[in-house]
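*Asks:* Compute the structure for the input listed below.
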Amino acid sequence: MPPEQPAAALRLDLDLDALQHNWRSLDRMSGSARAGAAIKANGYGLGSQRVAQALHAAGCRDFFVAHWCEAADLGDAIAPAALAVFHGPLTEADCAFALATGVRPVINSIPQARRWNAAGGGRCDLMVDTGMNRLGLPLGDLADESIAQLEIEVLHSHLACADEESPLNDLQQQRWSEVRTRIPHRRAALANSAGIALGAQFHGDLTRPGLSLYGGIPRPELEGVIRQVAQPAAAVLQVRDIAAGEGVGYNSQFVAPRAMRIGTIAVGYADGYLRCWSGIGSAANKASPLPVLGRVSMDLTILDLSAAPETCEGDWVTIDYDLPRAASLTGLSQYELLTLLGRRFAR
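*Replies:* Residues are numbered from 1 along each chain as shown. Purely as a prediction, here's the structure:
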């Protein structure tokens, strides 16, 4: 028998109670609508199977992914009939997979509608573009006969500016409401996490939170409601003492102003902890702050251990990763901060 694989020196601690709390909070904020869950991009980087199972246990019954391979990756974590694939059926193989499993395709165009109908059709979703000009059926194509043949479970649109005050929000809501009167469907969905906070007129029958399930706060209304779900942590690989005037890391971007104790941890830009954290990020040993020194490299980051000189090789430190604050510090979006977290994190 091969030896047991050693434990990773990098982990992502997941608070599944916080995840479930966030879904229940967003479900309550959705009023008479029911909250679903976007679990694409491997559950926003946290592990789609585990996330799906926890959300199902909390009461969620509608799930969304982007790619067909993401549907396959879920295995038996949730019932296929509860799942829809945003990218739609680009090939006959996509149609065959949907028909064989019961996963619903989200139709985005006339060619997709015709492909689905030709394959035998059945339950599907329809995405209508109301002003984002990304995915979705243009409003001018609604009268095509292929659309009338669809058996639409959920009629979707997607808000372009829900995280800010914009006249486009109301315009999209009005267009979506009009489409609801023209296209037969069982349920209708418009609001993402930020859209839920815009009010009841945006809710329809089903909302599609994503970011805020996982701790993101795209609008002020969600502050104090949404809890942090993901906490990165890394092992200390080495501790050393350096003298005043010594450089740290690539290109000696940091030069010690005094004698210092520093530690190197097992995380870097290959793990999604990008070089934008250089000189501004921090970790903590218990409550003691440990600032990032110099440049983040591919697999390693160097910390100032002045506030916790007792830190030793093999100790674990938590990485400061509060999503709104991290986004403000780095210029990365909260979405990027989550989905960048790499496969070397043990989840």
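*Asks:* Pull out the buried positions in stretch 219-236.
*Replies:* Buried residues in stretch 219-236, counted by 16 or more other CB atoms under 10 Å: 219, 222, 226, 228, 229, 230, 231, 232, 233, 234, 235, 236. Using the backbone N, CA and C atoms, a C-beta is placed for each residue, glycine as well.
*Asks:* measure it end to end?
*Replies:* 36 Å (CA to CA, to the nearest Å).
*Asks:* what does stretch 23-36 give?
*Replies:* Start-to-end span of stretch 23-36 (CA to CA) is 8 Å.
*Asks:* Also stretch 78-89?
*Replies:* 21 Å.
*Asks:* How about that stretch, which residues are buried there?
*Replies:* Result for stretch 78-89 [16+ other CB under 10 Å]: buried residues 78, 80, 82, 83, 84, 85, 86, 87, 88, 89.
*Asks:* One more: stretch 280-290?
*Replies:* 281, 282, 283, 284, 285, 290.
*Asks:* repeat for stretch 100-109
*Replies:* Neighbour-count burial for stretch 100-109 flags 103, 104, 105, 106, 107, 108, 109 (criterion: 16+ other CB under 10 Å).
*Asks:* Give me the subset of those lying in strands.
*Replies:* Judged by DSSP state E, the subset of those located in strands is 104, 105, 106, 107.
*Asks:* would you turn these into TSV with distance to residue 343 and pLDDT?
*Replies:* Putting those into TSV (distance: CB to CB, whole Å; pLDDT from 0 to 100) gives the following:
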residue	distance to residue 343	pLDDT
104	28	98
105	28	98
106	27	98
107	32	98
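*Asks:* now the residues you listed as JSON lines including distance to residue 147?
*Replies:* Listed next are those as JSON lines, based on distance: CB to CB, whole Å:
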{"residue": "104", "distance to residue 147": "16"}
{"residue": "105", "distance to residue 147": "14"}
{"residue": "106", "distance to residue 147": "13"}
{"residue": "107", "distance to residue 147": "8"}
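*Asks:* What is the nearest of these to residue 186?
*Replies:* The closest of these to residue 186 turns out to be residue 104 (CB to CB; 11.3 Å).
*Asks:* For the closest one, which residues are in contact?
*Replies:* Listed by CB atoms under 8 Å, 6 or more residues apart in numbering, the contact partners of residue 104 are 81, 83, 84, 85, 98, 123, 124, 125, 153, 154.
*Asks:* about what we covered before: can you list the buried residues of stretch 100-109 in CSV and add distance to residue 58?
*Replies:* CSV is the format used below for these (distance: CB to CB, whole Å):
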residue, distance to residue 58
103, 21
104, 22
105, 26
106, 24
107, 29
108, 29
109, 34
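*Asks:* would you list every one of the helices in this structure?
*Replies:* 16-29, 40-44, 48-58, 68-73, 92-101, 110-119, 145-148, 167-182, 193-196, 323-330, 334-339 (DSSP state H).
*Asks:* So which bits of the first one are buried?
*Replies:* Of all the residues in helix 16-29, those buried under the rule 16+ other CB under 10 Å are 16, 18, 19, 20, 21, 22, 23, 25, 26, 27, 29.
*Asks:* hmm, back to that, quick check: the two most widely separated of the ones in strands among the buried residues of stretch 100-109?
*Replies:* The distance between the two most remote of those (CB to CB) is 9.5 Å, for 104 and 107.
*Asks:* For these two, list the residues in contact with both.
*Replies:* With CB under 8 Å, 6+ apart as the test, residue 104 and residue 107 both reach 124, 125.
*Asks:* Compute the number of surrounding residues for residue 180.
*Replies:* Around residue 180 there are 17 other residues, counting by other CB atoms under 10 Å.
*Asks:* List the contacts of it.
*Replies:* When contacts are counted by CB under 8 Å, 6+ apart, residue 180 is found next to 155, 188, 204.
*Asks:* Just want the most central residue of the chain.
*Replies:* residue 44 (2.8 Å; CA atoms, centre = their mean).
*Asks:* and that residue, what pLDDT?
*Replies:* Residue 44 carries a pLDDT value of 97.
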